[in-house]
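Undergrad: sequence unknown, structure follows:
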């Protein structure tokens, strides 16, 4: 017997037929003797409808009211799934964020979970074998008693937080892909599904555009040591052996991964634009004078590369989200005279390709392998930035697929 | 300055434009210096959608889960109206049933309100001039902490209960008619809007098919002495003088009605079917033997008329809702031999016309006037039942309009 959290997203609960399918997944685990908490999103499309109404009512609206409106979507799904489970003879009840409660801070619209009391759920598992159906994405602010939401994709975070609170053996995230791949299978057909990924790696992959899991849910899983299993929601419940090992990817502690490879995956992000400041005076305070105004304009700066200077002047290159490119240019134009630089150059047709792997820490030459392979293909490197377990390379967008396939192959990730 | 509750139904909040119109009605009262609590229903169509999903999930479902699903409709409207009010510069916040809280008993699906604490609302009126936007139709069961709903039309009851809790000067029910009429204007074009109706009269009218207000809300208003004002939601907010007397009907204590008429209105209900049991043995226990099995089958028996017997046998006539007519026949067929009667006769094309007025208590001859007037028109009376302030007459449905117009005229209700 295990204790499981099962999380289902909006497309998995889009209508009553699909909710019934979800209920059969739950029934399977219950029949196998497991204790189950389910976390659900709103029926797909519902959240957009609710958000649309809020915006229509007022473009700038009180986020506390926005949260009250938008949280209703998950409330509906939780009730409907509980009804469906009970109609199948599975004991179940729904829990709203405020009922459990899922305490959060007061950052309405993107609140952070600060605590969940899992005792009542565990008591009900034990005494009644009751399945807990929990509305994802929502919580309650302890001080004001008002409904909060966790921001887009927040149901993943709800699921991980519930798993931590009830000390679940595993948190299963049912999604439209059957796991985490070494890279995007649409780009490299040799992409393989990974059996296991370390938290740190998944964090890099999630932030770099792999889009399987919300970044914060991975952070929380790492912090609370929750074993997260990404699996397909399309498999028929009756085809799955609840005692076997279903296809999917386990996101877990590095220690649990016995045969760790040097490189785990290749991620890429097209949502990047490059800006280069030419011939900046190389003196203290220049970086602050450049990046301070960008931060004030809420422009998120990503890779920052600065070369050693020659003749007291240097070049600084960095990336921003494509949507902020024009605005960033305007900010830089305003500070040009104050800071003192020759020109701003930029490009929107760039892509950031990242090589990720916890094994890098103990292996030399990983970066050199990438540079050599890309050079052999004639791919020009615009900028490089590295961390302990990641190497990010900025290249022309036209070479995206070629670069990804080349790196996937050179690090031995092809099947 | 007055303290007001304003209640708006589903058609008044069907989309953002209409919610904006509601917000202007609220703004008008706030600008006039009043303290305002608003009670809203779900956007029209939403409750049906939610109920439909529950039924699709399982025809027989846990009413606790049903309540959690269905209550989400009012939650959305309350948030959207609060957003709209704030965008107009009117301080406002939404309140869910569980937040206020509106305590109810545990009868999920048709719960009764047992208490509301209005102190926090009054404090906010005084300190911040804040409008309370309250989700109607819902509450929370004190013992279980689960969401309850009050049943169809329950928002009227929510509004009256809130008015009682905050000791409001008036509870304005905005609806698609501009008040309570002496009879249905579609049947008698001489129908007049009543300025004032006593609680007891309204109770009879509401239960007899006038459909302006939910019966329970009138009961509660009578019990708590809440002055309820029925008025039109179609009037443009800017056309209304908040200090004047808008068109509408005040439902109030009998004492407040100075020039009370003998008869206040003529109501009728087509949802009636007649059953007559011929030649029943006139002995103790017969009525119980007939009506016991009907009650067990959840058939609601309305008018019951039994004549003085001749030769130890009597006839019993009663009415049931049209939808239960066939089922009632079956129940009676089963008990026929046990009870001992000659035959069951029945008719579905009947209508119950009722003459209502608190003035009847002190006036003799009211019934005689009706019988004479109907007889002169050649309308046959099938059954009669009376109460202190009401006379109900069962006639053939074909004569409905003629009977209503005749009675409306004979009691001096024509304009």
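TA: Alright, I've got the coordinates. Note that the structure is predicted; figures quoted are calculated from it, not measured.

Undergrad: Every contact and neighbour count from this point should use C-alpha atoms.
TA: Noted.

Undergrad: now do the same end-to-end measure for stretch A:221-234.
TA: Taking CA to CA, to the nearest Å, the first and last residues of stretch A:221-234 lie 24 Å apart.

Undergrad: got it, and stretch A:219-231?
TA: Length of stretch A:219-231, first residue to last, CA to CA: 19 Å.

Undergrad: Residues in contact with that stretch: which ones?
TA: A:157, A:160-161, A:163-164, A:168-175, A:177-180, A:199-200, A:203, A:246-253 (CA atoms under 8 Å, 6 or more residues apart in numbering or on different chains).

Undergrad: How about stretch A:167-177?
TA: Outside stretch A:167-177, the residues that touch it by CA under 8 Å, 6+ apart are A:2-9, A:12, A:156, A:159-160, A:163, A:212, A:226-234.

Undergrad: Across the sheet, point out what pairs with the nearest residue to residue A:183 once chain neighbours are set aside.
TA: Distances taken as CA to CA, 6 or more residues apart in numbering or on different chains place residue A:266 nearest to residue A:183, at 5.1 Å, with adjacent residues excluded. Residue A:266 forms beta bridges with residue A:355, as assigned by DSSP bridges.

Undergrad: so who does residue A:266 touch?
TA: Counting by CA under 8 Å, 6+ apart, residue A:266 has contacts A:182-183, A:353-356, A:404, A:407-408.

Undergrad: quick one: which of those residues has the most company?
TA: Among these, the one with the most neighbours (other CA atoms under 10 Å in any protein chain shown) is residue A:355, at 29 neighbours.

Undergrad: didn't that residue look like it was pressed against residue A:390?
TA: Yes: Residue A:355 lies in contact with residue A:390 (CA atoms under 8 Å); the separation is 5.5 Å.

Undergrad: By average pLDDT, which secondary structure element in chain A comes out worst?
TA: strand A:304-306 (a mean of 85; mean pLDDT, DSSP states H and E).

Undergrad: how far out from the middle of the chain is that one?
TA: Remark: strand A:304-306 is offset 25 Å from the chain centroid, using CA atoms, centre = their mean, to the nearest Å.

Undergrad: helices and strands around the helix or strand hosting residue A:17, which ones?
TA: Per DSSP states H and E, residue A:17 falls inside helix A:16-31. Packing contacts for helix A:16-31, counted by 3 or more CA pairs under 8 Å, 6 or more residues apart in numbering or on different chains; DSSP states H and E, involve strand A:35-40, helix A:72-87, helix B:46-57.

Undergrad: strand partners of the first one, parallel vs antiparallel please.
TA: Right, strand A:35-40. Paired neighbours of strand A:35-40 in the sheet (DSSP bridges): strand A:3-8 (parallel), strand A:131-135 (parallel).

Undergrad: Can you tell me which of those is packed in deepest?
TA: The highest average neighbour count among those, using mean count of other CA atoms under 10 Å in any protein chain shown, belongs to strand A:131-135 at a mean of 28.

Undergrad: what comes into contact with that strand?
TA: A:35-41, A:74-75, A:77-79, A:81-82, A:90-97, A:121, A:125.

Undergrad: try stretch A:341-355
TA: Contacts of stretch A:341-355 (CA under 8 Å, 6+ apart): A:208, A:263-281, A:322, A:325, A:329, A:332, A:390-398, A:400, A:403-404, A:407.

Undergrad: can you pull the buried residues of the least confident helix or strand of chain A?
TA: Judged by neighbour count using 16 or more other CA atoms under 10 Å in any protein chain shown, the buried positions of strand A:304-306 are residue A:304.

Undergrad: Pairing partners for that strand, with directions?
TA: If you go by DSSP bridges, strand A:304-306 pairs up with strand A:313-320 (antiparallel).

Undergrad: how distant is the partner strand from the center of its chain?
TA: Distance, centroid of strand A:313-320 to centroid of chain: 28 Å (CA atoms, centre = their mean).

Undergrad: Spell out which residues of the stretch 101-250 of chain A are next to chain B.
TA: A:145-146 (CA under 8 Å from any CA of the partner chain).

Undergrad: picking that back up, show me just the buried residues among the contacts of stretch A:341-355.
TA: A:208, A:263-281, A:322, A:325, A:332, A:390-397, A:400, A:403-404, A:407.

Undergrad: Looking at those residues, which are in strands?
TA: A:265-281, A:390-396 (DSSP state E).

Undergrad: Give me the residue ranges of chain A where confidence is low.
TA: Applying pLDDT under 70 to chain A flags residues A:207-210.

Undergrad: how does it look with 80?
TA: A:152-153, A:206-211, A:238, A:242-245, A:258-260, A:283, A:307-310, A:415 (pLDDT under 80).

Undergrad: Please identify the residue most distant from the middle of it.
TA: Here chain A reaches farthest from its C-alpha mean at residue A:311, the gap being 43.5 Å by CA atoms, centre = their mean.

Undergrad: so where do the helices sit in the stretch 151-300 of chain A?
TA: Along the stretch 151-300 of chain A, counting by DSSP state H, counting those that start in this stretch, helices occupy A:154-165, A:199-205, A:215-224, A:286-296.

Undergrad: ok, and for the first one, which residues are buried?
TA: By neighbour count with 16+ other CA under 10 Å, helix A:154-165 contains the buried residues A:154-165.

Undergrad: mind listing what residue A:190 touches?
TA: By CA under 8 Å, 6+ apart, the residues touching residue A:190 are A:413-415.

Undergrad: any idea how far it lies from residue B:124?
TA: 63 Å.

Undergrad: Kindly report the same for residue A:258.
TA: Distance from residue A:258 to residue B:124, by CA to CA: 61 Å.

Undergrad: Look at the two and report which has more neighbours.
TA: residue B:124 (16 against 8).

Undergrad: State the helix or strand in which the more buried one lies.
TA: helix B:119-128.

Undergrad: Might you calculate how far that helix sits from the centre of the chain?
TA: The chain centre lies 31 Å from the centre of helix B:119-128; the measure is CA atoms, centre = their mean.

Undergrad: Ok, stretch A:363-382 next?
TA: So, by CA atoms, centre = their mean, the centroid of stretch A:363-382 is 27 Å from its chain's centroid.

Undergrad: Tell me how many other residues crowd the closest residue to residue A:122 other than its chain neighbours.
TA: With sequence-adjacent residues excluded and distances taken as CA to CA, 6+ apart, residue A:122 is closest to residue A:166, at 6.6 Å. Look at residue A:166: counted by other CA under 10 Å, it has 19 neighbours.

Undergrad: quick one: residue A:166 and residue A:124 touch, right?
TA: No: checked against CA under 8 Å, the pair residue A:166 and residue A:124 is beyond contact range at 11.6 Å.
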